[in-house]
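**Q** quick check, what structure comes out for this input:
(one chain, ligands or ions: 1)
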Amino acid sequence: MVAKIAVFASGSGSNFQAIAESIERGELTANIGLVITDKPGAFVVTRAEKMGIPVLELAPKTFESKVAYEEKIIEVLQENNIEWVILAGYMRLVGETLLSAYENRIINIHPSLLPSFPGKDAIGQAMAHGVKITGVTVHFVDAGMDTGKIIAQGTVDVVEDDRAATESSIHKLEHELYTNTLQQLFKN
Ligand code: GRF
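**A** Predicted structure coming up:
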């Protein structure tokens, strides 16, 4: 069975691209039915269009409420028979509406060893604390900020005073860990 997924992203979309390329290589058994972004014009849109994957650009502020925004998302997900929602740099808390429609079927990746450094700029937070080791976490999404059940983690050595180098190691690990973890999850 090929898992039918939607990838949600707000920014660059390098994790989206890693997932899509892993599928193309035949490593990850999944089908990306749809990319959804809450930031029309984000770079992920360009990446998805280049790969021929349908994109829906939905600005939350054009809806009368968060519930209405998520109801629209659910409608589109169901029309496309989406089974899993894969968050990849989606910079928005998922609300109860979407959570209850996709219970235990929404996954996120976060650039720290949770529960340390949840929320925005996890890499900056880790470096400001002077930790020597940080990492990446893949987890189920619940109503909290990066608080859901942890599925997989990997570690990265912090390169002192070199954010760019640390960030690049984290992204490299993210791309491997996310695709491998999703493959394990979809197999079961
Ligand atoms: C990643 O670091 C991810 O862990 C976090 O947001 C970033 C998204 O990067 N949630 P990209 O858009 O996939 O390049």
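
**Q** phi, psi of Met145?
**A** Dihedral pair for Met145: phi -90, psi 100, per degrees, to the nearest 10.

**Q** separation between it and Leu113?
**A** Separation of Met145 from Leu113 (C-beta to C-beta, to the nearest Å) stands at 15 Å. Just so you know, the C-beta spots here come from the backbone N, C-alpha and C atoms, and that holds for glycine as well.

**Q** more neighbours: those two, which one.
**A** Set Met145 next to Leu113 and count neighbours by other C-beta atoms under 10 Å: Leu113 wins out with 20 against 11.

**Q** what about the residue nearest to the more buried one when sequence neighbours are not counted, which helix or strand?
**A** Distances taken as C-beta to C-beta, 6 or more residues apart in numbering put Gly135 closest to Leu113, at 4.3 Å, once the chain neighbours are dropped. Using DSSP states H and E, Gly135 sits in strand 133-140.

**Q** partners of that strand in the sheet?
**A** strand 106-110 (antiparallel), strand 150-157 (antiparallel) (DSSP bridges).

**Q** outside of the last one, which residues touch it?
**A** In this case it means strand 150-157. 107, 113-114, 132-140, 166, 169-170, 173, 176-177, 180-181, 184-185 (C-beta atoms under 8 Å, 6 or more residues apart in numbering).

**Q** just the buried subset of the residues you listed, please.
**A** Burial by neighbour count, judged by 16 or more other C-beta atoms under 10 Å, picks out 107, 113-114, 134-140, 166, 169-170, 173, 177, 180-181, 185 from the contacts of strand 150-157.

**Q** near the ligand, anything from the strand holding Gly135?
**A** No: for a cut-off given as C-beta under 6 Å from any ligand atom, strand 133-140 has no contacts with the ligand; the smallest distance is 6.7 Å.

**Q** as CSV, could you dump the C-alpha coordinates of that strand?
**A** Provided in CSV are the C-alpha atoms of strand 133-140 (Å, rounded to 0.1, in the frame of the first residue of the first chain):
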residue,chain,number,x,y,z
ILE,A,133,25.0,18.6,21.1
THR,A,134,21.7,19.3,19.5
GLY,A,135,19.7,17.4,17.0
VAL,A,136,16.4,16.7,15.2
THR,A,137,13.1,15.2,16.4
VAL,A,138,10.3,13.6,14.4
HIS,A,139,7.1,13.5,16.5
PHE,A,140,3.3,13.1,16.3
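
**Q** and the closest residue to Ser112 other than its chain neighbours, what does it touch?
**A** Using C-beta to C-beta, 6+ apart and skipping the chain neighbours, the partner closest in space to Ser112 is Ala122 (3.8 Å). With contact set as C-beta under 8 Å, 6+ apart, Ala122 has these partners: His110, Pro111, Ser112, Thr134.
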